[in-house]
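Asker: Sharing a model prediction with you, sequence too.
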Number of protein chains: 2
Amino acid sequence: MSNSLPTPAGPAGTASSRVFDHLRKDLVGGRFVAGEKLAINALKDRYQVGLSPLREALNKLAAYGLLVQENQRGFRVPKLSRDELDDIAQMRLEMEGMALERAITNGDSLWEADLLAAAHRLKRADITLDKGEEWEHLHTQFHRTLVAPCGSVWLLRFIEQLHDQFDRYRRLGPKMPTIRQELDEQHHQLVELALQRDAKAARELMDDHIHKSYEVALKRYQEHV
Amino acid sequence: MSNSLPTPAGPAGTASSRVFDHLRKDLVGGRFVAGEKLAINALKDRYQVGLSPLREALNKLAAYGLLVQENQRGFRVPKLSRDELDDIAQMRLEMEGMALERAITNGDSLWEADLLAAAHRLKRADITLDKGEEWEHLHTQFHRTLVAPCGSVWLLRFIEQLHDQFDRYRRLGPKMPTIRQELDEQHHQLVELALQRDAKAARELMDDHIHKSYEVALKRYQEHV
DNA sequence: GTAGATTAAAAAATCGATTATCTTGTATAA
DNA sequence: TTATACAAGATAATCGATTTTTTAATCTAC
């Protein structure tokens, strides 16, 4: 994993890595308006860090694609567009499909256990909590586990990046219980097919899963404008 | 292109963007030893910049994958490994193949002209210059042009990233004239097939092209260790 | 001798202040 | 009125110095 993004910095992390994690969450979670220009001084107060670590975090986020940097005129939150959403969803289809097939080929019994655990935690959170940050985290974790043993560090990296981008659209609006339930059921079906090592069926279900998520995201995007 | 990396900063760019470009070139071109720890103070002298812009550039390069950042212990040049080379080459196969097919579907006559021009410039440089940085730049430019109208900003972004990574291996050693000539011929054949809109044949040739490049890179990696 | 503690030097990360650039509002001229 | 020029304020980028943490070397106890 030497090339992955750093794992979330605990309390021991640097100021820069902590504000990176925090800003990443906030950008993905829609706490900023798309297109908005970031007022660095305001961020300094908001995240309680100095200028240097803040700027370093902003630079990383720009290289990662969650911010746009223009020389001499700071940082902005990237605009949202229908075209880009289509692009992101299409890429997710291709790349997560590929990754899932490979994961089903390579995954061992430890993976099976991790997968069951991740699905269970997600379901638990579904019932217990009101779907907040905690649910989002477990959801991300589930999808990450699903494709983890695909054997390609770079594929995993790209998928993670696409998820962050996709979630900027998906998380624009409030939850939609009906469709949400369908999607949640698909998580469990995905686990079943993975355990049965049915790569073809799993990929088809994943395609459908992404497609349904896309429709949610699109709807929210359209309502949001 | 709002989400792409910034275009190379001309003389008007910031110190940070200039050192980013320069470092990127040097990292891809193998001017640093893989695994080496970067001495920030030495870099300050080498690139004639202050600490702040330098650190911002290093942070961007880490998020981009050309450096590894460890909290509290600075930056290193990523190690090279056979496994990673295989991964990168495999991903290039998938993604550039996909991009080429789409480009052939979407590309208009302006693209055809750009493609011919890029191929011609590359051949020119091949004959005229001793293959230095200029040839490398034109080579990158050719491959970029080839897939440019694929319609996906994210696909292009990932491909660019993979090229940078791949070149860290390919550029480990001196040129190999025989195989190089084969590869150069393939560039022209790729243009021909693109103009004929023969997506299937073009993709097969691209597969072969990447495979041959992979063999060069692998050989150099093995000799390098 | 080896493991663990101690400390000095080196390096990374951060801070506060300065400099350069852009932006906005106002004035002037065509 | 419209366009251009200018000045003042705001913001971005950079610098130099400080603080924190790691690394390496040395010492001590077993």
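Answerer: Looks like it arrived, so ask away.

Asker: surely residue A:199 meets residue A:99?
Answerer: No - using CB atoms under 8 Å as the test, residue A:199 is too far from residue A:99 to be in contact (11.2 Å). (Glycine included, C-beta is placed from N, CA and C.)

Asker: Give me the more crowded residue out of those two.
Answerer: Neighbours per residue, other CB atoms under 10 Å in any protein chain shown: of residue A:199 and residue A:99, the larger number sits with residue A:99, 24 against 17.

Asker: in a helix, that's where that one is, yeah?
Answerer: Yes - assignment of residue A:99 by DSSP: H, G, I helix; E, B strand; the rest coil places it within a helix.

Asker: could you list every residue that touches it?
Answerer: A:147, A:150, A:152, A:155, A:156, A:159 (CB atoms under 8 Å, 6 or more residues apart in numbering or on different chains).

Asker: how close does it sit to residue B:114?
Answerer: 33 Å (CB to CB, to the nearest Å).

Asker: Please parse chain A into its domains.
Answerer: A:15-76, A:82-224 (automatic domain parsing).

Asker: Adding mean pLDDT, write those domains out as CSV.
Answerer: Below are these laid out as CSV (pLDDT from 0 to 100):
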stretch, mean pLDDT
domain A:15-76, 97
domain A:82-224, 95
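
Asker: With distance to residue B:68 as extra columns, can I get these in JSON lines?
Answerer: Shown next, in JSON lines, are those (distance: least, CB to CB, whole Å):
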{"stretch": "domain A:15-76", "distance to residue B:68": "13"}
{"stretch": "domain A:82-224", "distance to residue B:68": "12"}
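
Asker: closest one to DNA strand D among those domains?
Answerer: domain A:15-76 (2.9 Å; CB to the nearest atom of the strand).

Asker: Distance from that closest one to the middle of the chain?
Answerer: 18 Å (CA atoms, centre = their mean, to the nearest Å).

Asker: does DNA strand D sit close to it?
Answerer: Yes - under the criterion of CB under 7 Å from any atom of the strand, DNA strand D is reached by domain A:15-76 at A:37-41, A:51-52, A:55, A:69-75.

Asker: If we check chain B, which of those are in contact?
Answerer: Within the set of the residues of domain A:15-76 next to DNA strand D, contact with chain B (CB under 8 Å from any CB of the partner chain) is found for A:52, A:55, A:69, A:70, A:71, A:72.

Asker: Helix, strand or coil: sort out the fifth one for me.
Answerer: When you say that, I think you mean residue A:71. coil.

Asker: Downstream of the helix or strand hosting residue A:45, the next helix or strand is which one?
Answerer: If you go by DSSP states H and E, residue A:45 is part of helix A:40-47. Going down the chain from helix A:40-47, the next helix or strand is helix A:51-64, by DSSP H and E.

Asker: returning to that earlier point: between the contacts of residue A:99, which is nearest DNA strand C?
Answerer: residue A:156 (24.1 Å).

Asker: Assign a three-state SS to that closest one, would you?
Answerer: Residue A:156 ends up helix, using three-state DSSP.

Asker: Tell me how many other residues surround it.
Answerer: When neighbours are counted by other CB under 10 Å, residue A:156 comes out with 21.

Asker: so can I have TSV of the contacts of residue A:99 showing distance to chain B?
Answerer: As requested, those are arranged in TSV below (distance: CB to the nearest CB, whole Å):
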residue	distance to chain B
A:147	14
A:150	10
A:152	5
A:155	6
A:156	10
A:159	10
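
Asker: Could you pull out the strands in chain A for me?
Answerer: A:68-69, A:75-76 (DSSP state E).

Asker: Indicate which one of the ones you listed is closest to residue B:133.
Answerer: strand A:68-69 (25.3 Å; CB to CB).

Asker: who does the closest one pair up with?
Answerer: strand A:75-76 (antiparallel) (DSSP bridges).

Asker: Give me the contact list for the strand it pairs with.
Answerer: A:35, A:36, A:37, A:38, A:40, A:58, A:61, A:62, A:67, A:68, A:69, A:70.

Asker: Filter those down to the buried ones and express that as a ChimeraX selection.
Answerer: The following ChimeraX line selects those of the contacts of strand A:75-76 that are buried, judged by 16 or more other CB atoms under 10 Å in any protein chain shown:
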select /A:38,58,61,62,67,68,69
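
Asker: and DNA strand C, which of the contacts of strand A:75-76 reach it?
Answerer: Applying CB under 7 Å from any atom of the strand to these, none is adjacent to DNA strand C.

Asker: Nearest spatial neighbour of residue A:95, chain-adjacent residues omitted?
Answerer: residue A:159 (5.4 Å; CB to CB, 6 or more residues apart in numbering or on different chains).
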